[in-house]
Structures are given as structure tokens and as C-alpha cells.
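1. Sequence plus predicted model, see below.
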Amino acid sequence: MLHGTQQFFPQLEELEAFVRIAELGSLTAAAQRLRVPKSTLSRRLSRLEEGLGAQLLTRTTRKLHLTEVGAAYLERIAPALAHIDEANREAQGDRDTPRGHLRITAPVDLATTWLPPLIATFCARHPAVTVEVLVEARFMDLVGEGIDLAVRPAAELADSGLVARRISTTDLALWASPRYLRRRSLPRVPADLERHVMAVLGPPIARLTLRGPEGVRHTDVKTAIASNDPIFLRELALKDGGIVILPSLFARADLGLVRVLPDWALRQVGLYLVHPAARVVPAKVRAFRDYLTKHAPDSTAYRALLRRWQMQR
């Protein structure tokens, strides 16, 4: 109702007070239902009637009765209040129970090796969640592009205002196939790399910096092959194509590769889970983040899950 030129907007608690009093026919019963003092409920009803400029209830010594205006008002307000209650319950359920569509992004090496069994088992555990995986080498704008969570390998992450959790650390190291090493000889010291075919992750390089038990060593190398795709480099190594530079998490001896100069590495790379900062992190994001954390690539839990998943295929 309008008073002059100003429109009255009642508070939700005032509407709830009116609906509960009208439904129960008693101020005392409504106060018990809402767990507030009778005096508080009475003030809320009075403010509502005053703001509307209309009497909604008539009071007798024993009971409250709806006026004609009050009955019409209740008919419109009660369903709206029920919709609000339902929306609140759904929102709280989203906070507590994983549900909805989850958009994640990861680079190709992670998306094709570590993530598939985890996503399959996660979705089996949480059927109310659907997962969309965007395979991207670039760091996507999580907020601008609507991404719930990103998996990012990096030596370190810049301070971006995002929430980041490091779940694993791995060496960026040298790997080759046993057959290549038998054919070309096994390097014993960093300087031996000068005689080998090198394949690097990123642009070609002419000098390699390694860190090991004797400190830092700089070695001249010939980059025969360069690629921005670690999966390509791993396949190249498996096909006896040379010594490749790869994160150890995704090269691994159990895949048929041998670590060259095992006491030496270029640097360490962390594996991070990143998501936008929020006062309340959705349950679907919390559940997926915690699941990936438990099943980090080098964890016992992940190795056990991978064995079970491979046996079922």
C-alpha cells in the first residue's frame, strides 16, 4: 500500500509473524513455533499493520480472527513465504550436500592421466553432481569464465586473490627409455648430456641448469625436439626418441621410463588446487577439492584407487 509517494516494504520477520499467527490462531502458539517472546511477535504484527495501514487480525480474549483484508492478504503472502522457505532449504542443502554442475579446468597431462579415475569415482559417490572438464594449458580466469576449481602445476603461484592449496610436489627431471639408454649409454654426470638427443618442455634451450648433491651445474645441450605438450614428450621418450624433461609425477618408472641422473633435477613443481574466494564455498567444490587432496598423484590412496579402477575396466 502507498502512503503518499512512499511504498511500504515489510520485513520478512513481520510477514512470518502474521502468517504463523493467522495459521495457528494464537499469539502464544505462534510465539512458541517461532521461538520468540510473545511481545516481540506482537510488535512485529503491529509494525506490519501500521505500515500497510490496514488491520489484518481482530483480537478477542481467547482467539485471533482474520479480517477480510487479512484473509485476502494471507492468501497472497502464505504461498510466497512458503517459496522463500523452500528456497532457503535448497540453498542450505547446496551448502551441506554436494549437488549441481561443477566446472573444472586442468592441463592435458593431468586431464588424461590422474583425473579420469578420480572424476569417475567422485561422480559415482555423488550422483547429484555433474562434472565438466575444460582441458586448457593456459591459466583461465576462474571468476570471469565461471570455473569452480582449477588444477594448476607451477613452481609457485602468483598472489591472485584466489584460494590455492598445494597437494603435491614433484621434480622436473630427466627421463628416457631403457632401450634408448642402452643404445646411447647412460649419463653419469650432467656434462654427459652434451652427447645426447634432448627433448624439452617449452621452447628450445641451449643450456641446462641442474641442481643436485654437488650444487648447481650448467650444462650445454642440444635441443633436438621441443614441445609444450608433456604427453607428446612422454610418448616420445617411450618410443626411444631421446632424453626428455618431464615432471616425475607423470613420467614414473612404472610407465616404462628410467630417470636419468636421479640425484639431479631442474627444479621442483607444485600441484595446486585453486578456486575463487568465497564466504561459503559450495559443497560440490569442497567435496571435490577434498577428494583430490586425499588422492594426490603420489599418494597411497590414489595408487589403491587406480589399481581398483584398472581392474574394473
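-> Perfect, thanks for sending it.

2. In stretch 52-72, which residues are buried?
-> Buried residues in stretch 52-72, counted by 16 or more other C-beta atoms under 10 Å: 52, 56-57, 64, 66, 70. C-beta here means a position set from N, CA and C on the backbone, and glycine is covered the same way.

3. Then stretch 266-275?
-> Those would be 266, 269-275, for stretch 266-275 by 16+ other C-beta under 10 Å.

4. Provide the partner residues of residue 174 in its beta bridges.
-> Beta-bridge pairing for residue 174 (DSSP bridges): residue 245, residue 260.

5. Spit out the contact partners of it.
-> Counting by C-beta atoms under 8 Å, 6 or more residues apart in numbering, residue 174 makes contact with 187, 193, 243-245, 259-261, 264.

6. Emit the ChimeraX select command for whichever of these are buried.
-> Buried members of these can be picked out in ChimeraX with the line below, counting by 16+ other C-beta under 10 Å:
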select :187,193,243,244,245,259,260,261,264
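
7. circling back: now, the buried residues of stretch 266-275 that are in strands?
-> 269-275 (DSSP state E).

8. how many neighbours does the closest residue to residue 135 other than its chain neighbours have?
-> Nearest residue to residue 135 in three dimensions, chain neighbours excluded: residue 111, at 4.5 Å (C-beta to C-beta, 6 or more residues apart in numbering). Residues lying near residue 111 (other C-beta atoms under 10 Å) number 19.

9. Return the distance of the spatially closest residue to residue 196 that is not a sequence neighbour relative to residue 204.
-> Distances taken as C-beta to C-beta, 6+ apart place residue 243 nearest to residue 196, at 5.1 Å, with adjacent residues excluded. Distance, residue 243 to residue 204, using C-beta to C-beta, to the nearest Å: 14 Å.

10. Same question for residue 269.
-> 20 Å.

11. Okay, and residue 58 sits in which element?
-> Using DSSP states H and E, the element containing residue 58 is strand 57-59.

12. Which strands or helices does the following helix or strand past that strand pack on?
-> Where DSSP H and E defines the elements, the next helix or strand beyond strand 57-59 is strand 64-66. Packing partners of strand 64-66 (3 or more C-beta pairs under 8 Å, 6 or more residues apart in numbering; DSSP states H and E): helix 12-24, strand 57-59.

13. How far off centre is strand 64-66?
-> 52 Å (C-alpha atoms, centre = their mean, to the nearest Å).

14. Given that strand, what are its sheet partners and their directions?
-> Strand 64-66 has these strand partners (DSSP bridges): strand 57-59 (antiparallel).

15. In the chain, where is pLDDT below threshold?
-> 1-6, 61-62, 86, 88-96, 155-160, 252-254, 313 (pLDDT under 70).

16. Nearest residue to the middle of it?
-> residue 149 (3.4 Å; C-alpha atoms, centre = their mean).

17. rewinding a little: redo the buried residues of stretch 266-275 as JSON lines? Include distance to residue 301.
-> JSON lines is the format used below for those (distance: C-beta to C-beta, whole Å):
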{"residue": "266", "distance to residue 301": "28"}
{"residue": "269", "distance to residue 301": "21"}
{"residue": "270", "distance to residue 301": "19"}
{"residue": "271", "distance to residue 301": "15"}
{"residue": "272", "distance to residue 301": "19"}
{"residue": "273", "distance to residue 301": "15"}
{"residue": "274", "distance to residue 301": "21"}
{"residue": "275", "distance to residue 301": "21"}
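
18. of these, closest to residue 176?
-> When the buried residues of stretch 266-275 are ranked by distance to residue 176 (C-beta to C-beta), residue 266 comes first, at 15.0 Å.
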